[in-house]
Structures are given as structure tokens and as C-alpha cells.
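Undergrad: model this:
(chains A and B)
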Protein chains: 2
Amino acid sequence: MAELAKTGLAMRTQLTAAGEIELSLQEVPVPSPGPGEVLIRVEAAPINPSDLGLLLGPADVSSAAVSGTAERPVVRLKVPERFMPALQARVGQALPVGNEGAGVVVAAGAGAEALLGKTVATLGRAMYAQYFCARSADCLVLDEGVTAAEGASAFVNPLTALGMVETMRSEGHKALVHTAAASNLGQMLNRLCQADGVPLVNIVRKPEQAELLRSQGARHVCVSSEPGFMGDLVEALAATGATIAFDAIGGGKLASQILTAMEAVANRAGGEYSRYGSTTHKQVYIYGGLDTGPTELTRGYGFAWGVGGWLLTPFLQKAGPERAAQLQARVAAEIKTTFASRYTGELSLVEALRPESLAAYNRRATGEKYLIAPQKGLASG
Amino acid sequence: MAELAKTGLAMRTQLTAAGEIELSLQEVPVPSPGPGEVLIRVEAAPINPSDLGLLLGPADVSSAAVSGTAERPVVRLKVPERFMPALQARVGQALPVGNEGAGVVVAAGAGAEALLGKTVATLGRAMYAQYFCARSADCLVLDEGVTAAEGASAFVNPLTALGMVETMRSEGHKALVHTAAASNLGQMLNRLCQADGVPLVNIVRKPEQAELLRSQGARHVCVSSEPGFMGDLVEALAATGATIAFDAIGGGKLASQILTAMEAVANRAGGEYSRYGSTTHKQVYIYGGLDTGPTELTRGYGFAWGVGGWLLTPFLQKAGPERAAQLQARVAAEIKTTFASRYTGELSLVEALRPESLAAYNRRATGEKYLIAPQKGLASG
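TA: Model prediction:
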């Protein structure tokens, strides 16, 4: 193994008091792994929606102004003033980015030597960088024959999909609803639910997204833009028995429409009139904010309902380390099938800061996903 | 004990297909208590907001048209057409009313003889009536010296107030917020929280309601109509540490404002910026619908939050019979202090159907509460 470099490039995002997001590449010292830690030479890190929220915030990508050099570009993006009050906590901090990724272990601290030379994936918050130091316990060792690119998305989407199914079961539901269901995550959830025999109702915006999911074996797909949507949704809920939904959209009326349709199914059984609505608990978890507007709840579904936020990290904490390890082992075993991710393009750290790249990955087009390859296009490693 | 009457009067509410709520008094057979049951001669039954929802529904009280006789009046109220679709399940059913009440046990089935002659309170769904047959296990025996009128509200408000505090504790919170806090229930919760040393943030609409609560010892009262409301609320939440709220209003922005203020307090501690918001779970339970409009959630409080319906009956089912019995025993012991109810007026069954009475109790003015006295004004018992 060649001698390690002393410094490496790392992407930073900083919000200035003047209301600009400044993206840059900084040359930072390569850390030495302590006891139980490993140094990963990062080969691949995906750009997830959860990364974009930190990387770009609510900045206007069309305002991108580039300065710096070709090898160390600096990009500035304007943040509309109305968003600034909510962002005060991050002003002036040069924050690392990149929630997950994979690479090769190039150095190991005491007790972690077994990982030397292995290709591992990890969650890291700073993986848009050439090097990342992780606790060996947090690393998922990829099987022989699995590349870093194939293993780069082994945490966020796979564990989120598994977490939705686990949450469904632990809260006593037997089928689930997913919105924005043609997303990379949605397609993965569709595969997972088919593999595990869990009935899934997919909600998408456009007919072509419904076609895509059906071509991947989805049985229940409802198109929210179609006039018959509510009727279709009621039928799909009745057929599956779904009483819990995971919603990536957040704003608008969709969460409330789902609860309304669930209540209609619950009341089909008939029985005595109750002005408190059915006793069937109906739950919507909001885990994203594709629509940042207010959530409007009409509450025409009695009192046995809940709407709330859902995130992967609290789910994993609640599940406990043993269960989390079981879930991760399953991801590793099925990383080329159930939990495979496909990428639209691969970008070097420099390429990731080009205005046309920002525009491409910020579009968050259905099913599109980009990979950052931090070792790509560099003169030396 | 005099011989029992064969029939007794009972109030009924019926929604007609033509869109009218029809209120009447029907002469129904007096039931014979079976094994383990008792027959209660109902002396007092309160008109709770939860009763009005069934009794009047969304009918327009100003449209009251009276027919029938002086002793058997029939009142018809128009229901605005937009509410009819949601009410289809009750069309054509003459429904009994009156969720709770108290009276004297005048007959007892096998195994329930010990209750004969006792004054008892119970939950009943049909207590706007001269007689009600209850399981003896569901009866709360009132102490000597407690009248039926004093014990009539021993279930709904006391157990709701206790249920709020229990829910707060079981979900890991240490203080709570209550809206519409000058209501009869709110005043009771204020007394309960003082007795138990639970910090309480009261939210009211008007300054005079704040004065009323403060005169009863409330320490934290915020007036939602005042310009400094959000600042006051943040300070009260910071002082108490409240991260759970019970909201009687439902519609509008108040639930979301409470979550926003809780998040502001959670972020005061500082620490690293997270675009997912604080990790402090913030909860609002909606248990009423004084504002029937949509609930608007701005979601500017990260992902650690929940909004949902809350009702007494599911709470009691979850708490289990043993805990429920402990709570009821406490209510009986403190029925003249912590859990005392005061009434604005006492109405006979006939008086309760007068248009001016309907208008009075339907106003739901703060702290006003009426009692129905089913034995009042009748020629014979």
C-alpha cells in the first residue's frame, strides 16, 4: 500500500450572513484513525435528497456564480430572504456534506486491523471528501465482488425502506401507503414489499410513473393528478388493508386525503354511528418535504388518527443496535437485488460544483440519482 | 320503596333524510336489571360539549321549530346541506343521548343488590332519561353527603383531565399545554395540575379568561388574541418545559403555533445546526373541534413532532381496568374539590328542548354548563 497523502479534498457548504450559500473544496488534513477506527478512501457517495437539504438549502440554483480556480472552484448561490430566519443556526459554519458512501479502508487503528483493504460502506455526514474516518463498528463490509459504487447507498434508502416496513409492523398495521412512490426509494420499497409479501399502495403524480412501477411488479398504484384518484385510493386501501402511510411530500392536502380514504374504508364495515369516527387508528408519517407549503388537515376522519414526522436516525435508535445490525446484514446480502441503486451519472468533486451539475441533481427528477466519486479526476490520490 | 313505573321518558335525537335534526321525548319501557346490573333513577346529567355533538350535530339552532304538546315537545332544527354527506350513517336512527349522569339505584339484579338505594354515577350514552340500566361494575358509588347533581359529572371531565396528565407522563413529558383553557374542563385541569405539581401552560382567547384562571391560581396563561402571544408562549414553554399540548380547538393555526414555539425553546439550547430540527419530540393532541375548519401545519419544526386525535375512551382502554378504577376512586374522593363542576342552570327534559334553552347551552360560553334533571317537573316519577 502506497504511503498515505497528508491532505485530501473535502466539500464544504457555508451560509453567509449576506444570504449566500458558498460551496467549496477545502484541502484538509487526512485524519489518523484512533483505536477502533478506520480511515476510508472514499470512492463513491450518492447525492440523496437529504444531502441536498444541507448542501443547497433553499438556495436558488439558477443564481450560481462561479469563482476560484478550475481545480478549486467556489460557487455562490443566493438564498431568498424569507428563508433566512429559519437558517440562522448555520450562518458562518463551513459544514461538511455527504451522509453516506463507500470506499476502501487504507488505515486502521488498534483493534480495527481486520478491515484493512476491505471495501466498506458507512454513514458519515462528511463523505463528499477523499478521506473519511469512521468507527469500524459503523462500517458495513461489502461482500467480495461488490464495488464501492454498488455499495455507496447501503444505508439511507435501504434502511429507510426497511424502517418503514418495521414501523408498520411494530405499530400494528399490515399494509402501507407510500407517496412520491416512483422515486429511487419508492422503487426500492416496491421491491422490498414484493420480496416480503407486504401489501403496498403506491401514490404517484403522473401516469408514466404508475407505468414504471407497474412494470416493476407493483399491484396498487394511484395517480394523484387523475380525477378518479380518491375512488382509486379507497379501493386500493380496501384491497390491502393499509392504515399507515409514509409521505415524502408534506405540504398540501395529500396526507389528509389519505386519512379521509382510510376512514371511508374503516366505515364500510358499518356498525353503529359514532360522531367520533371509526376506532381504526390511521397514521401518516411525513419523512420529506417535496412540497414545503403547509399541511392541511380537514379532520373529517374522527379522532383515531395521527400525523407526524419520521426520520431514519430516531427509528434506528428506537430499534436498537442489535436490530439495526440485522437490517444492515440484510442490506449487504441483497445490495445487488432488493437494495440496488442505479445512478444517472458519476461526478468528481470538481464536477459536482459545476452550475450545470447543480441544476441536474437539484431537479430531483423521478428516479434520477447522481454519485460523487471523490477520487475521480485528481492528479494524485 | 314505591313500586316502579312501567315506562319513563327518554330524549332522542334523529337526523331525517330531509336534513333536519328532530329532538323528542319518547315514553320507553323501564328496563329490568339483569344479573350484575342496576336500574338507576337518573337525577342529574350534564350537557357536555361531547353530548352536543350528537344531540344537535351541526344543526342551525336558530332554525328551531317546535311542534308536539307542552309535555311532549318535538323540536326540528335545519342541518346545512354541506354537512349531510358526513352524517349519512345516522340518518333515520332515533339515538339516545347523555354520556354521563348520576342518580339513585332503584332496582338491582342478582349480585348487585349492595347498590340498592345508593347514589351512583356512571357513563351511559343514554342518560337524558328518567331511567338507565347500568352494569354495577360501571357505577361509581358516591360518598354519603354527595348529591346526584354534585356527582353527575364524575366521568367525562375528571377522567379527561386525569387522562391528559397520565398521557403526558406515559409519553415522557413533564409539563403540558391546554387550549380553550378557561372551559369547565380547563378550570378543572388547572386545579388538578396545581394539586399534583404539574406545570401547566393555559392558552385562552380573551384577557378576561386569563384573569379568571389567574384568580384560580394559574401561573402561566397566554392570550392567543394578543399581539405578543408567540413571545409569551415561548417564555411559558421555556419556564415549564412543556412539550405536549391538548387542544380543544382543532382548526386553524394554533396547533402549529404551539409546535413552532416548542421548537424555538428546544433550539435555545444551541448545539450543532441540523436541518432536521431539534430531536425533542413535540406533540399536540386534538380532543375537540371548537373550530371545525382545517388544521394548518407549517412544519417549521423539523421532524420530531406529532399531531393526532385524542379521546377518553381509547385512553381508558389503553390504561386498563385497574388503572381506570384507581382514577375513578380519586375522582370520587375529590368530587367536591379538584373535580367539582358548577352549573349555570338546571333543566327538566321538557325545558331542555325549549328553543331558548338550546340557544343557551349551544353557545358553549366559557365556563357555562347546564344540567339536565330528568325527574324535574314531572307529575309522577
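Undergrad: mind checking the SS state of A:Ile258?
TA: On the three-state scheme (DSSP: H, G, I helix; E, B strand; the rest coil), A:Ile258 is labelled helix.
Undergrad: which residues touch it?
TA: A:Val177, A:Thr179, A:Ile203, A:Leu233, A:Ala245, A:Asp247, A:Val284 (CB atoms under 8 Å, 6 or more residues apart in numbering or on different chains). Quick note: C-beta positions are derived from backbone N, CA and C, even for glycine.
Undergrad: measure the spatially closest residue to the first one that is not a sequence neighbour to A:Glu235 for me?
TA: Computed as CB to CB, 6 or more residues apart in numbering or on different chains, the closest residue to A:Val177 that is not its neighbour in sequence is A:Ala245, at 3.6 Å. Remark: distance between A:Ala245 and A:Glu235 (CB to CB, to the nearest Å) = 16 Å.
Undergrad: what's the domain layout of chain A?
TA: Per the record, chain A has its domains at A:7-153+A:341-372, A:157-315, by automatic domain parsing.
Undergrad: look up phi and psi at whatever residue of the stretch 101-250 of chain A ends up closest to chain B.
TA: Nearest residue of the stretch 101-250 of chain A to chain B: A:Gly250, at 6.1 Å (CB to the nearest CB). Here is the backbone geometry of A:Gly250 (degrees, to the nearest 10): phi 80, psi -70.
Undergrad: wait, doesn't it sit right on A:Tyr285?
TA: No - counting by CB atoms under 8 Å, A:Gly250 stays clear of A:Tyr285, with 10.5 Å between them.
Undergrad: returning to what we had before: list the contacts for the residue of the stretch 101-250 of chain A closest to chain B?
TA: A:Ile286, A:Gly288, A:Gly289, A:Leu290, A:Asp291, A:Thr292, A:Thr295, B:Arg299.
Undergrad: between the domains of chain A, which one is closest to B:Ala255.
TA: domain A:157-315 (9.0 Å; CB to CB).
Undergrad: what segments of the stretch 1-150 of chain A are strands?
TA: A:7-15, A:20-29, A:37-47, A:60-68, A:73-78, A:95-96, A:100-108, A:119-123, A:131-135, A:140-141 (DSSP state E, counting those that start in this stretch).
Undergrad: tell me which of these lies nearest to B:Gly308.
TA: Nearest of these to B:Gly308, taken as CB to CB: strand A:119-123 at 30.1 Å.
Undergrad: run the chain-centre distance for that closest one.
TA: 16 Å (CA atoms, centre = their mean, to the nearest Å).
Undergrad: so for it, mean pLDDT?
TA: Average pLDDT, strand A:119-123: 96.
Undergrad: for it, output the C-alpha coordinates as CSV.
TA: Provided in CSV are the C-alpha atoms of strand A:119-123 (Å, rounded to 0.1, in the frame of the first residue of the first chain):
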residue,chain,number,x,y,z
THR,A,119,-14.4,-2.2,0.7
VAL,A,120,-16.8,-0.8,3.3
ALA,A,121,-19.9,1.4,3.4
THR,A,122,-20.8,3.8,6.2
LEU,A,123,-23.0,6.6,7.3
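Undergrad: can you confirm whether that strand lies near chain B?
TA: No - residues of strand A:119-123 are not located near chain B by CB under 8 Å from any CB of the partner chain, the shortest gap being 14.0 Å.
Undergrad: I would like the residues contacting that strand, please.
TA: With CB under 8 Å, 6+ apart, strand A:119-123 has contacts from A:38, A:40, A:43, A:99-105, A:132, A:134, A:138-142, A:146-148, A:151-152, A:154-156.
Undergrad: partner strands of it and their direction?
TA: The strands that strand A:119-123 pairs with in its sheet are strand A:100-108 (antiparallel), strand A:140-141 (antiparallel) (by DSSP bridges).
Undergrad: so it versus strand A:131-135, what angle?
TA: Relative orientation of strand A:119-123 versus strand A:131-135 (axes from the mean of the first three to the mean of the last three CA atoms, to 10 degrees): 80 degrees.
Undergrad: distance of the residue lying closest to A:Ser50 once chain neighbours are set aside from chain B?
TA: In space, and not counting its chain neighbours, A:Ser50 is closest to A:Asn99: 5.8 Å by CB to CB, 6+ apart. As judged by CB to the nearest CB, to the nearest Å, A:Asn99 and chain B stand 11 Å apart.
Undergrad: next: A:Ala70.
TA: Taking CB to the nearest CB, one finds A:Ala70 at 30 Å from chain B.
Undergrad: what's the answer for A:Ala319, then?
TA: For A:Ala319 relative to chain B (CB to the nearest CB), the value is 16 Å.
Undergrad: list the contacts of that residue.
TA: The contact partners of A:Ala319, taken as CB under 8 Å, 6+ apart, are A:Gly163, A:Glu166, A:Leu327.
Undergrad: any chance of a markdown table for those, columns neighbour count and pLDDT?
TA: Output for the contacts of A:Ala319, formatted as a markdown table (neighbours: other CB atoms under 10 Å in any protein chain shown; pLDDT from 0 to 100):
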| residue | neighbour count | pLDDT |
| --- | --- | --- |
| A:Gly163 | 24 | 98 |
| A:Glu166 | 17 | 97 |
| A:Leu327 | 17 | 96 |
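Undergrad: okay, those residues in a markdown table with distance to chain B next?
TA: Below are the contacts of A:Ala319 laid out as a markdown table (distance: CB to the nearest CB, whole Å):
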| residue | distance to chain B |
| --- | --- |
| A:Gly163 | 13 |
| A:Glu166 | 17 |
| A:Leu327 | 20 |
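Undergrad: tell me the most buried of the strands of the stretch 1-150 of chain A?
TA: Ranked by mean neighbour count, those are led by strand A:37-47 with a mean of 26 (mean count of other CB atoms under 10 Å in any protein chain shown).
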